[in-house]
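K.L.:
here you go, sequence then predicted model.
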Amino acid sequence: MSVCADAYTPRDTRNLRIFTIWCLSSAVMFVGVTFLIRKDIIPHGPLAWSLAIANFIVAFLAARSYLVFLRGADELLRRIQLEGLALGFGAGAVFMLSYRIFERLGAPKLDSAHPYVVMAIFWAIGQYIGTRRYGMGGER
């Protein structure tokens, strides 16, 4: 079993699974709706607006399910998660502020979703670092 998985109780595992399902649903929906609108497969009208609102709701439910996971976690797991979030937020802020200058110097313009990818990657790295730092690989 992985180091991170050893830190989770059965309730944590269930809550994390629910969060993962909502996140994947949100990501798939975002890509699908973006593709449909960008390629003019669906017109900019009530259907497109309905899909955009549905995407917002699914993303909101993903965030809400993470809060449920976080509130149900013990203090150490919550600390690891929050340190991971802090690293992700910091990396995202540095990336957004710095890349804006690079764009003005001629770098390719990025979509507003690209900083989220940076934040998510560094959030995962932060969780890994926290798990290693606090020795969460053994029995609980």
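P.N.:
On my side now, so go ahead.

K.L.:
and for residue 134, the neighbour number?
P.N.:
Per other C-beta atoms under 10 Å, the neighbour tally for residue 134 reads 14. C-beta here means a position set from N, CA and C on the backbone, and glycine is covered the same way.

K.L.:
and it, how far is that from residue 80?
P.N.:
Note on residue 134: its distance to residue 80, by C-beta to C-beta, to the nearest Å, is 6 Å.

K.L.:
which parts of this protein are helices?
P.N.:
10-38, 46-72, 75-104, 114-133 (DSSP state H).

K.L.:
comparing those, which comes out most buried?
P.N.:
helix 114-133 (a mean of 17; mean count of other C-beta atoms under 10 Å).

K.L.:
might you list the low-confidence residue ranges for this protein?
P.N.:
Along the chain, the parts satisfying pLDDT under 70 run over 1-7, 136-140.

K.L.:
grab the most central residue of it for me.
P.N.:
By C-alpha atoms, centre = their mean, the mean C-alpha position of the chain lies nearest to residue 120, the distance being 5.0 Å.
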